[in-house]
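Engineer: no sequence on this one, just coordinates:
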């Protein structure tokens, strides 16, 4: 059984006991969260598609940890002008474990 759920503006294909990284969520480590914007549920070949979301479907998860992603270097340069700008960015992420899918 898997579901496609929208979490913090992004869509993820999730299954039970799967660990994924999503954009930073509010809540402490160990707290439970529920996502009600479920777009698709596949239960052993029986597919249920929402328009746009399935009414009553919920994906529950537990927050494991808050981490920072890898560094992304932003580099700008204009040739022959002496303009060089270098900047870095680390995205704030949350690791969650999917605990259940209720269609």
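Structural biologist: Received it, and whenever you're ready, just let me know what you need. Owing to the predicted nature of the structure, the values given are computational and were not obtained by experimental measurement.
Engineer: So which residues of the chain form strands?
Structural biologist: Secondary structure of the chain (DSSP state E): strands located at 2-7, 10-15, 19-23, 32-35, 38-43, 46-49, 58-78, 83-102.
Engineer: contacting residues around residue 47?
Structural biologist: By CB atoms under 8 Å, 6 or more residues apart in numbering, the residues touching residue 47 are 40-41. Where you see a C-beta, it was placed from the backbone N, CA and C, and this is true even at glycine.
Engineer: Give me the pLDDT for the residue most central in space within the chain.
Structural biologist: In the chain, the residue lying closest to the centroid (CA atoms, centre = their mean) is residue 22, at 3.1 Å. Per-residue pLDDT puts residue 22 at 97.
Engineer: Name the residue most distant from the centre of this protein?
Structural biologist: residue 80 (42.1 Å).
Engineer: any idea how far residue 52 is from residue 39?
Structural biologist: Using CB to CB, to the nearest Å, residue 52 is found at 7 Å from residue 39.
Engineer: Neighbour count: those two, which is higher?
Structural biologist: Neighbour totals were compared for residue 52 and residue 39, and residue 39 leads with 16 against 8 (other CB atoms under 10 Å).
Engineer: Quick check: the gap between the closest residue to that one other than its chain neighbours and residue 72.
Structural biologist: The shortest distance from residue 39 to any non-neighbouring residue, by CB to CB, 6 or more residues apart in numbering, is to residue 4 (4.7 Å). Distance, residue 4 to residue 72, using CB to CB: 26 Å.
Engineer: Same question for residue 93.
Structural biologist: Residue 93 sits at a distance of 13 Å from residue 72 (criterion: CB to CB).
Engineer: ok, these two, which is more surrounded?
Structural biologist: Neighbour totals were compared for residue 93 and residue 72, and residue 93 leads with 18 against 10 (other CB under 10 Å).
Engineer: Just list the residues touching that one, thanks.
Structural biologist: Residue 93 neighbours (CB under 8 Å, 6+ apart): 21-24, 66-69.
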